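>>> Here is my input, please return the structure:
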Amino acid sequence: MDTDDQEMNGELESSLSEMQNCTKNKGHSNLIPIEDFSVDDLQFNFRQKELVELIKLLGYLTVKVTVPYCSPERPNKRRPCNENSPRIGTGKICDVRKVTSLSRDERCPCSSCASSGNPANSWAEIKIVTSSSVVFDDDEGRHATCLFGFDNADSQGVPLEGVGIATLEKEICHLQCVTHDLQLADELASNLMAYKSGRVRFFNDYKDSNVETKLIAVVSHPHGQFKHVSIKVDPSTDQDVSPSKKNVLDTCEGSPGAPAYILDKDKNWLSTYC
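Numbering: from 1, shown residues only. Below is the predicted model:
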């Protein structure tokens, strides 16, 4: 076992211990492993295979965000953040763009290409939306890593290197990552398009149905563990049930930045759990 594998196993064992001893959400009975999620986990009037597939597509686009660094500009530093105690959150892939450069002035922004005399002339830029509590500024963005495909306890996932932030808007951060794996980029883009079109199609069917309750589905990496789904139906009578505004789900550390799919009669939208 190499050093990277040992470090990853050590981190996972530590996060598993945190999850087992969690005081905020004891037992985690509301958290369902993404691979086990099925129609049986939905309330009767939401039990549709298409909705399960839609939430699993959202899960496919969900990533674990790790930041082993704390910017000097970050306010309210509640605890030290370094390689031994990284900040953990969740994010969602929201844009994929392949780049081919024929110019010496434009090169792949990853750390390997920055120090190479022969940088890649083709790469993909992957934008990930997360919470600004996870990635606060460009400095932290360059230290961030997003782990794609961490779906079960045995999966290693695919790390995507953070190279900075694209935009920052109060509670929301758009983190820029890169990969040289263009086949992966094509798969991500295809699934992102499938998720967007599936959301529109499902909403059009739902808004004309007799179902009156709201549904919120959050996909997260609780305590840095593999992906879990949390479902809540009709959590509030308030008009605004955005998870960025209020805590509507029993989530844990590692959940900030998690994508929240919200479905009701008037809205078909994706929020970011902050």
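>>> contacting residues for the closest residue to residue 137 other than its chain neighbours?
Leaving aside its sequence neighbours, residue 137 sits nearest to residue 71 (C-beta to C-beta, 6 or more residues apart in numbering; 5.1 Å). Any C-beta I mention is one placed from the backbone N, CA and C, and that applies to glycine too. Neighbour list for residue 71: 136-137, 139-140 [criterion: C-beta atoms under 8 Å, 6 or more residues apart in numbering].
>>> any idea how the protein splits into domains?
Domain ranges of the chain: 27-61+196-272, 62-186, per automatic domain parsing.
>>> for the longest helix out of those in the chain, which positions count as buried?
Assignment by DSSP state H gives helix 182-206 as the longest helix of the chain. Neighbour counts over helix 182-206 (16 or more other C-beta atoms under 10 Å) mark 184-185, 188-189, 191-192, 195, 198-199, 202-203, 206 as buried.
>>> would you turn the domains of the chain into JSON lines with mean pLDDT?
What follows is the domains of the chain, written out as JSON lines (pLDDT from 0 to 100):
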{"stretch": "domain 27-61+196-272", "mean pLDDT": "79"}
{"stretch": "domain 62-186", "mean pLDDT": "90"}
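>>> so where do the helices sit in the protein?
Counting by DSSP H, the chain has helices at residues 3-20, 49-60, 111-114, 138-141, 182-206.
>>> got the contact list for the longest one?
When contacts are defined by C-beta under 8 Å, 6+ apart, helix 182-206 is touched by residues 50-51, 53-54, 57-58, 60-61, 93-96, 98, 122-124, 126, 148, 158, 179, 261, 263, 265, 268, 270.
>>> relative to helix 49-60, how tilted is it?
For helix 182-206 against helix 49-60, the angle by axes from the mean of the first three to the mean of the last three C-alpha atoms, to 10 degrees is 140 degrees.
>>> Just give me how far helix 182-206 sits from the chain centre.
With C-alpha atoms, centre = their mean, to the nearest Å as the basis, helix 182-206 stands 15 Å off its chain's centre.
>>> what does stretch 178-193 give?
16 Å.
>>> what does stretch 48-65 give?
Worked out by C-alpha atoms, centre = their mean, stretch 48-65 lies 11 Å from the chain centre.
>>> same deal with stretch 165-172?
Its chain's average C-alpha position is 15 Å from that of stretch 165-172, according to C-alpha atoms, centre = their mean.
>>> Going by neighbour count, list what's buried in it.
Using 16+ other C-beta under 10 Å as the test for burial, stretch 165-172 gives 165-166, 168, 172.
>>> Can you redo those residues as CSV, where the extra columns are distance to residue 130?
Output for these, formatted as CSV (distance: C-beta to C-beta, whole Å):
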residue, distance to residue 130
165, 10
166, 12
168, 11
172, 8
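>>> mind listing what's buried in stretch 220-233?
Within stretch 220-233, judged by 16+ other C-beta under 10 Å, the buried ones are 220-232.
>>> now, the most widely separated pair of the residues you listed?
224 and 232 (22.4 Å; C-beta to C-beta).
>>> so who does the most centrally placed residue in the chain touch?
The centroid of the chain falls nearest to residue 91 when counting by C-alpha atoms, centre = their mean (2.3 Å). Taking C-beta under 8 Å, 6+ apart, we find residue 91 in contact with 62-63, 65, 128-130, 134, 146, 175, 257-259.
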